[in-house]
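[1] Pasting the sequence and the predicted model now:
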Amino acid sequence: MLVQGLLIGFSIAAPVGPIGVLCIRRSLADGARIGLLTGLGAASADAFYGAIAAFGLTAVSNLLMNHRFLLGLIGGVFLCYLGVRAFFAGVAEGGQAPPRVSALTAYGSTFVLTLANPMTILSFAAVFVGFGLGSAKDYNAAGMMVAGVFVGSALWWLLLSSVVSLIRSRMTAASLQWVNRGSGVIIVAFGVYALASAFAQRY
């Protein structure tokens, strides 16, 4: 169960989306520690949604799905805000950006962003069923799955932030500024898409 959960967590975290872009940018701008904490926020939210799917918490799942428009609205606006901040972020001479993101902010921002996408529950439920785990009644087994999801997701973010931070020392101020601008545009685009999806589902 732990290994299967690890595979699920890694595979769901691996596709590069807005969280991945944030992790890459923060790893370059603020170092591997902040990049990893950015990813761990998403990993924690993944584990939370994995627990809902694994333990069959239907009431919580229904509550979140019933409010998916509001959650999508919050997530989309927050992504646009983060994208604008990234676009206009300053860069110090020598390619190192001045401190901007605290550890708590790095972790909390992606935790909230991932929670703002309740469709993740459906992803976990579908994957669990595909692995033949959807009907597990053993709470110990379910707990192992959830732990595996967190570890698998965390391993991906550790790998990504570590690899990206290796080139941090080679970044000049000009190149880092372009990273800020490019990532800002991409994150805003994800935010606009999230808002459009929320309104499309609502109307």
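    Received, thanks.

[2] buried residues in the helix ranked longest in the chain?
    Ranked by residue count and defined by DSSP state H, the top helix of the chain is helix 173-202. Neighbour-count burial for helix 173-202, with 16 or more other Cβ atoms under 10 Å as criterion, is recorded at 176-177, 179-180, 183-184, 186-188, 190-191, 194-195, 197-198. For the C-beta atoms, the positions are set from N, CA and C on the backbone; glycine is no exception.

[3] So which elements touch that helix?
    Where contact means 3 or more Cβ pairs under 8 Å, 6 or more residues apart in numbering; DSSP states H and E, helix 173-202 is packed against helix 18-30, helix 68-87.

[4] Tell me the buried residues in the shortest one?
    To tie it back to what came earlier, the one meant is helix 18-30. Result for helix 18-30 [16+ other Cβ under 10 Å]: buried residues 18-30.

[5] Using PDB, write out every CA atom in the helix or strand following it.
    Sequence order places helix 32-54 as the next helix or strand after helix 18-30, per DSSP states H and E. Presented in PDB, the C-alpha positions along helix 32-54 are these (Å, rounded to 0.1, in the frame of the first residue of the first chain):
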ATOM      1  CA  ALA A  32      16.300  24.800  -3.100                       C
ATOM      2  CA  ARG A  33      14.900  25.100   0.400                       C
ATOM      3  CA  ILE A  34      12.200  27.600  -0.600                       C
ATOM      4  CA  GLY A  35      11.600  25.600  -3.800                       C
ATOM      5  CA  LEU A  36      11.100  22.400  -1.800                       C
ATOM      6  CA  LEU A  37       8.800  24.000   0.700                       C
ATOM      7  CA  THR A  38       6.700  25.300  -2.200                       C
ATOM      8  CA  GLY A  39       6.300  21.700  -3.400                       C
ATOM      9  CA  LEU A  40       5.700  20.400   0.100                       C
ATOM     10  CA  GLY A  41       2.700  22.600   0.400                       C
ATOM     11  CA  ALA A  42       1.200  21.000  -2.700                       C
ATOM     12  CA  ALA A  43       2.200  17.500  -1.400                       C
ATOM     13  CA  SER A  44       0.400  18.100   1.900                       C
ATOM     14  CA  ALA A  45      -2.800  19.100   0.000                       C
ATOM     15  CA  ASP A  46      -2.400  16.100  -2.200                       C
ATOM     16  CA  ALA A  47      -2.200  13.900   0.900                       C
ATOM     17  CA  PHE A  48      -5.300  15.700   2.300                       C
ATOM     18  CA  TYR A  49      -7.300  14.900  -0.900                       C
ATOM     19  CA  GLY A  50      -5.800  11.400  -1.000                       C
ATOM     20  CA  ALA A  51      -7.100  10.900   2.600                       C
ATOM     21  CA  ILE A  52     -10.600  12.000   1.500                       C
ATOM     22  CA  ALA A  53     -10.600   9.500  -1.400                       C
ATOM     23  CA  ALA A  54      -8.900   6.700   0.600                       C
END
